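Chemist: kindly generate the corresponding structure for this input.
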Amino acid sequence: MKSQRLLSMMLLLQTRHRMTAADLADELDVSVRTVLRDVTTLADADVPVFAERGRYGGVVLLPGSQLDVSKLSPTEIDALKLLGLDPGQARQLGVDPRTRTAHRKLAARRPGAGHSLLPLSELVVVDNMPWFSPEAHGAGVAGLGRDLQTGRRLRILYRSSAERGASWRTVDPYGLLAKAGRWYLVADINGAPRLYSLERVQSWEVLSDGRSLRQGESLASVSRHLSASVENRSGITVTATLAVNRLDLARRILGSRLTGSKPLDAGRVEITVVYDQLEAVRQLLQFGAHLRVTRPLEAQAVMRDVATATAALYQG
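Modeler: Numbering: from 1, shown residues only. Take a look at the predicted model:
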């Protein structure tokens, strides 16, 4: 919808103040021509936004301008509540979503008693925190976000999952990604894109030289590529039989690793699961006697060895 796109554009500009038309087009998934038409629409509605020409030009929201919710329709107010981060993530970025002023403005624009439809924002709750997940520690999201606004390179002290200790590395940052309740720094290192979990960023320094990003890439495009590469994994395919009443549980636990299932008889199904490495098959032990790995033989061996070692802990 055009109203939601205009609202998204105002929110982007209020956060960044200045963006190129190409960057806005990429963020909003529209053409540059559509962005320029939307800028004209906003300017005609007395929103202090305009397009600057030249080398350092772009679409600009005047400094100090704030989104005037009194000019929004009830539908747009509803969209404003639904778009973006959930309250917990907003607080992590240093934005308090519970400010009384904002609440009064939003409440004043709610539909009247004669309005027949309930606001969708009262019927939908956004909570990106995974189940049973403790509060994440590590780099401060708000502080890192402010330093990213300088547009400079970063030197981060980071511990990867395969390392015992952290080490320093210099990266060219695109920005931050909030996914499944966790925060990631999206950056290039030596020209290759990477996701850095903020839980494992122990410290960082802002360097004097500006960031050097790959031509034609943006935070949105790199995030999409990295997310797809994580989910479209290739590696070892494991086949197993599973009690049919555990199939829904397997879908929740295994997610995109579960690549297929087919019924065998009234009580069991055959499933295929893809892992990056053989040792990861031990994840299937949590299904206990409800699951049996049938192939490959190397995966069977891992399951047998881990199960035998675990059973030995409880003997006697």
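Chemist: if we go by neighbour counts, what in stretch 279-287 is buried?
Modeler: A280, V281, R282, L284, F287 (16 or more other C-beta atoms under 10 Å). For the C-beta atoms, the positions are set from N, CA and C on the backbone; glycine is no exception.
Chemist: show me the strands in this structure, by range?
Modeler: 18-19, 49-52, 58-61, 152-158, 167-179, 182-189, 192-197, 201-210, 236-243, 258-263, 268-275, 291-295 (DSSP state E).
Chemist: out of these, which gets the lowest mean score?
Modeler: Mean pLDDT across these is lowest at strand 49-52; the value there is a mean of 74.
Chemist: OK, contacts around the nearest residue to V293 once chain neighbours are set aside?
Modeler: Closest residue to V293 apart from its sequence neighbours, by C-beta to C-beta, 6 or more residues apart in numbering: A240 at 4.7 Å. Counting by C-beta atoms under 8 Å, 6 or more residues apart in numbering, A240 makes contact with E270, I271, V273, L284, L291, R292, V293, T294.
Chemist: if you set the cut-off to 10 Å instead, what comes out?
Modeler: Neighbouring residues of A240 by C-beta atoms under 10 Å, 6 or more residues apart in numbering: 250, 268-273, 281, 284, 287, 291-295, 299-300, 303.
Chemist: and the buried ones among the residues you listed, selectable in ChimeraX?
Modeler: To isolate the buried ones among those in ChimeraX, judged by 16+ other C-beta under 10 Å, type:
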select :250,268,269,271,273,281,284,287,291,293,299,300,303
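Chemist: which residues does the residue lying closest to S31 once chain neighbours are set aside contact?
Modeler: Residue nearest to S31 in three dimensions, not counting chain neighbours: A25, with 5.9 Å by C-beta to C-beta, 6+ apart. Shown in contact with A25 (C-beta under 10 Å, 6+ apart): M19, S31, V32, R33, T34, V35, L36, D38, S218.
Chemist: can you add distance to G165 and neighbour count and give these back as CSV?
Modeler: CSV is the format used below for these (distance: C-beta to C-beta, whole Å; neighbours: other C-beta atoms under 10 Å):
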residue, distance to G165, neighbour count
M19, 39, 20
S31, 48, 12
V32, 46, 14
R33, 51, 10
T34, 49, 16
V35, 46, 23
L36, 50, 15
D38, 49, 23
S218, 33, 19
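Chemist: A240 pairs with what?
Modeler: Going by DSSP bridges, A240 is paired in beta bridges with I271, V293.
Chemist: how much space between G316 and V47?
Modeler: 75 Å (C-beta to C-beta, to the nearest Å).
Chemist: neighbour count winner among the two?
Modeler: Shown here are G316 and V47; by other C-beta atoms under 10 Å, V47 has more neighbours (20 against 3).
Chemist: would you confirm that the more buried one contacts L11?
Modeler: No - counting by C-beta atoms under 10 Å, V47 does not reach L11; the two are 11.9 Å apart.
Chemist: out of the buried residues of stretch 279-287, which are inside helices?
Modeler: Secondary structure assignment by DSSP state H places none of the buried residues of stretch 279-287 in helices.
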